[in-house]
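*Asks:* Need coordinates for the below:
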Amino acid sequence: MRVRFILSRKYCTSIAISSNSQISRYARLGQIEKARRVFDQMPDKTIVSWNSIVAGYFQSNQPGEARKLFDRMLERNTVSWNGLISGYVKNGMIIEARKVFDSMPERNVVSWTSMVRGYVQEGIISEAESLFWQMPERNVVSWTVMLGGLIQEGRIDEARRLYDMMPEKDVVTRTNMIGGYFQVGRLAEAREIFDEMPRRNVVSWTTMVSGYVHNNQVDVARKLFEVMPEKNEVSWTAMLIGYTQCGRIEEASELFHAMPDKSVVACNAIILGYGQNGEVAKAREVFDNMRERDDRTWSAMIKVYERKGFELEALDLFTLMQRESVRPNFPSLISVLSVCGSLASLDYGRQIHAQLVRNQFDHDVYVASVLMTMYVKCGNLVKANQVFNRFAAKDIVMWNSMITGYAQHGLGEKALQIFQEMCSLGISPDEITFIGVLSACSYSGKVEQGLEIFETMKSKYQVEPRTEHYACMVDLLGRAGKVKEAMDLIKKMPVEADAIVWGALLGACRQHMKLDLAEVAAKKLTELEPNKAGPYVLLSNIYASQGRWHDVAELRKNMRTRSVSKSPGCSWIEVEKNVHMFTGGESTGHPDHAMIMRMLEKLGVLLREAGYCPDASFVLHDLEEEEKAHSLGYHSEKLAIAYGLLKVPQGMPIRVMKNLRICGDCHSAIKLISKVMGREVILRDANRFHHFKDGLCSCRDYW
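*Replies:* Now for the predicted structure:
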């Protein structure tokens, strides 16, 4: 009988142990419902079973359910109470953890250490310290947790004193102290502790490598990396990040290919590294070859495309990301918002805005600034203003975005009004503010007001004028026909004039046909930027407008000699979330080419009836008058507008972007198109926005 009882007891015990293991395993896998079913079906629940299921609920972020079960326990031990404390700590519920700690019938070193750890995790280091020094006994874990708290708060000297007091220092403690010293840039002291360590593990070595990398000592890190007795994924990745962060992409690439196991973190780092170095194809190759990707992988590749001007590829990848049910993270949403601004892709921009609202990111001031910039670049000032007005506490970036936005849209009075409102609220303008304000004066012809603001920059607002501000003033004077005054300002500048300043002067010379100063400005520009086509093109424009074809030919010869090529005119329009690109010229590979040509022919007839006469001075080739008129008819912005007339529903504005400055002939033609077709056209060129409506442009022909 006794033998049968013993066997029965052993059998029941083994079942209980098996069930407890199942509960723990299901909880680890996030399958708390299965764990609960096992628990409920147990005929004899031990205290270990109760502790396991309570821990499981905490692990599944259900602290309320965990507490209910704890309160139902008929018997509890110190492990049960400690589990409750550590559960609350893991869920960030430090007040509840402290209440449990204070009500415990009996505490041990684990109870005290859990509570200290909780305060450290929440950044309440003073409370952690107070509790630590009250501890009746401490073990090496207690000391290490407190040491970590002091390091976390940057109190490295106090951490060192605590470290010296420790009766026992294990490898974790020493490694933490090394990391602390690296955190504050005290490399020699970190190395001293490492050299004195009686035993090191792979974490200690990796901390040293990471520490040197963090402090820009990549070569020292590499020497240590080479002599490591054992390396893991983290070690390899730390060394790789060191090379990518300092731009040594060749060494990073070699290391990446030598890695035995390429972690997702390592792949993400090399994608960004290749991207920063302009090797976009290699970055995409790594992305495509990855067996598994996380949200940061997608974000990294989208960021590479965004930063390197591959806007369409960025949008395609973002679409693929959503198709594969990968939830976009904050950086990827911000990157795509920037792309939407660059492409003026308003539909996509609205979609991203909606996602930011759903994820409650739109309350962030930085996000608001990016959203405003996107709406401004998409030509939707009303929406940008709505985002701006939602925020009571606006930062300087938001104010600058609105001022610059109104300036770019030719609404100088509104930009100046925002500037005055900002100053009246006691917000100090910065360098960017004044670029926006002076641009607003320039675009709207407010010469006297611009001069007055420029004079008060330093005296009233303590902002030292920089080259960009002088460029705005040269532009302001030049646009108003005061080209000689603009040249005098350049001569008086306290700093050397850069390409932006000379470019502003050259643009003014083109507008007002000042050939003598144009040649001076163009010469300076070709010295500063010998490979840029802009100055050649502008000077060529002036020569062509005066019929000086020999000089045009000479300029083109110089361009060929110096291997300078002109960027082709390119315009694009978004229709139903698809971006359609057009380059100048009659031939096009667009699938609706025939329809576009018919629309252009129709427009040509309507414009001639309305009195339009092509301005041949904007054709840079020595052609017959009829050929010149034909050439002007196929500028890229006209092709894009023709497509917009075909595809954009009546009543909606046609939004077109152009990579270069709009020519005078296209400007005149689009004004008439808006009148004869009864459509609003919003065109963003390289300089600013033009809102065409009822035969008029928002720039009032002053651009």
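*Asks:* ok, residue 496 to residue 526 distance?
*Replies:* 16 Å (C-beta to C-beta, to the nearest Å). (Glycine included, C-beta is placed from N, CA and C.)
*Asks:* nope, residue 66 is what I was after
*Replies:* 74 Å.
*Asks:* Who has more neighbours out of those two?
*Replies:* Counting neighbours by other C-beta atoms under 10 Å for residue 66 and for residue 526 shows that residue 66 has the greater number, 24 against 21.
*Asks:* isn't that one right next to residue 50, touching?
*Replies:* No: judged on C-beta atoms under 8 Å, residue 66 makes no contact with residue 50 at a distance of 10.7 Å.
*Asks:* Helix or strand with the lowest mean pLDDT in this structure?
*Replies:* Least confident helix or strand of the chain, by mean pLDDT, DSSP states H and E, is helix 625-632 with a mean of 43.
*Asks:* After that helix, which helix or strand is next?
*Replies:* helix 636-647 (DSSP states H and E).
*Asks:* Look up which helix or strand residue 285 falls in, please.
*Replies:* helix 280-289.
*Asks:* Let's see that helix as PDB, backbone CA atoms only.
*Replies:* Output of helix 280-289 as PDB, limited to C-alpha atoms (Å, rounded to 0.1, in the frame of the first residue of the first chain):
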ATOM      1  CA  VAL A 280      22.300  53.200 -54.000                       C
ATOM      2  CA  ALA A 281      22.300  50.000 -56.200                       C
ATOM      3  CA  LYS A 282      24.600  48.200 -53.700                       C
ATOM      4  CA  ALA A 283      22.200  49.200 -50.900                       C
ATOM      5  CA  ARG A 284      19.300  47.800 -52.800                       C
ATOM      6  CA  GLU A 285      21.200  44.600 -53.500                       C
ATOM      7  CA  VAL A 286      21.700  44.000 -49.800                       C
ATOM      8  CA  PHE A 287      18.000  44.800 -49.200                       C
ATOM      9  CA  ASP A 288      16.900  42.300 -51.800                       C
ATOM     10  CA  ASN A 289      19.200  39.500 -50.600                       C
END
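*Asks:* Against which helices or strands is the following helix or strand past that helix packed?
*Replies:* Sequence order places helix 295-307 as the next helix or strand after helix 280-289, per DSSP H and E. Helices and strands touching helix 295-307, by 3 or more C-beta pairs under 8 Å, 6 or more residues apart in numbering; DSSP states H and E, are helix 264-276, helix 280-289, helix 311-323, helix 330-343.
*Asks:* buried stuff in helix 295-307?
*Replies:* Across helix 295-307, burial judged by 16 or more other C-beta atoms under 10 Å covers 296-307.
*Asks:* Can I get the host helix or strand of residue 350 as CSV, trimmed to CA atoms?
*Replies:* Secondary structure assignment for residue 350, by DSSP H and E: helix 346-358. This file holds the C-alpha atoms of helix 346-358, laid out as CSV (Å, rounded to 0.1, in the frame of the first residue of the first chain):
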residue,chain,number,x,y,z
LEU,A,346,-0.4,65.5,-52.6
ASP,A,347,-2.5,62.3,-52.6
TYR,A,348,0.3,60.3,-51.1
GLY,A,349,1.0,63.1,-48.6
ARG,A,350,-2.6,63.1,-47.4
GLN,A,351,-2.4,59.3,-47.0
ILE,A,352,0.8,59.6,-44.8
HIS,A,353,-0.8,62.4,-42.8
ALA,A,354,-3.7,60.1,-42.1
GLN,A,355,-1.3,57.4,-40.9
LEU,A,356,0.5,59.9,-38.6
VAL,A,357,-2.9,60.9,-37.1
ARG,A,358,-3.9,57.2,-36.6
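*Asks:* could you give the mean pLDDT of that helix?
*Replies:* Mean pLDDT, computed over helix 346-358, is 85.
*Asks:* what's the spacing between that helix and its chain's center?
*Replies:* Distance, stretch centre to chain centre, for helix 346-358: 16 Å (C-alpha atoms, centre = their mean, to the nearest Å).
*Asks:* so the helix or strand following it versus helix 330-343, what angle?
*Replies:* Using DSSP H and E, the helix or strand that follows helix 346-358 in sequence is helix 365-377. Helix 365-377 runs at 20 degrees relative to helix 330-343, counting by axes from the mean of the first three to the mean of the last three C-alpha atoms, to 10 degrees.
*Asks:* circling back: ok, which of the helices and strands packed on helix 295-307 comes nearest residue 482?
*Replies:* The closest of these to residue 482 is helix 330-343. By C-beta to C-beta, the value is 33.4 Å.
*Asks:* taking the mean pLDDT, what do you get for stretch 404-413?
*Replies:* For stretch 404-413, the mean pLDDT works out to 89.
*Asks:* Name the residues of that stretch that come out as buried.
*Replies:* Buried residues in stretch 404-413, counted by 16+ other C-beta under 10 Å: 404-412.
*Asks:* tell me which of the residues you listed is nearest to residue 565?
*Replies:* residue 408 (28.1 Å).
*Asks:* tell me the contacts of the closest one?
*Replies:* Neighbouring residues of residue 408 by C-beta atoms under 8 Å, 6 or more residues apart in numbering: 376, 439, 443, 688-689.
*Asks:* Counting by contacts, list what the one helix or strand residue 157 maps to packs against.
*Replies:* Using DSSP H and E, residue 157 maps to helix 156-165. Packing partners of helix 156-165 (3+ C-beta pairs under 8 Å, 6+ apart): helix 140-152, helix 171-183.
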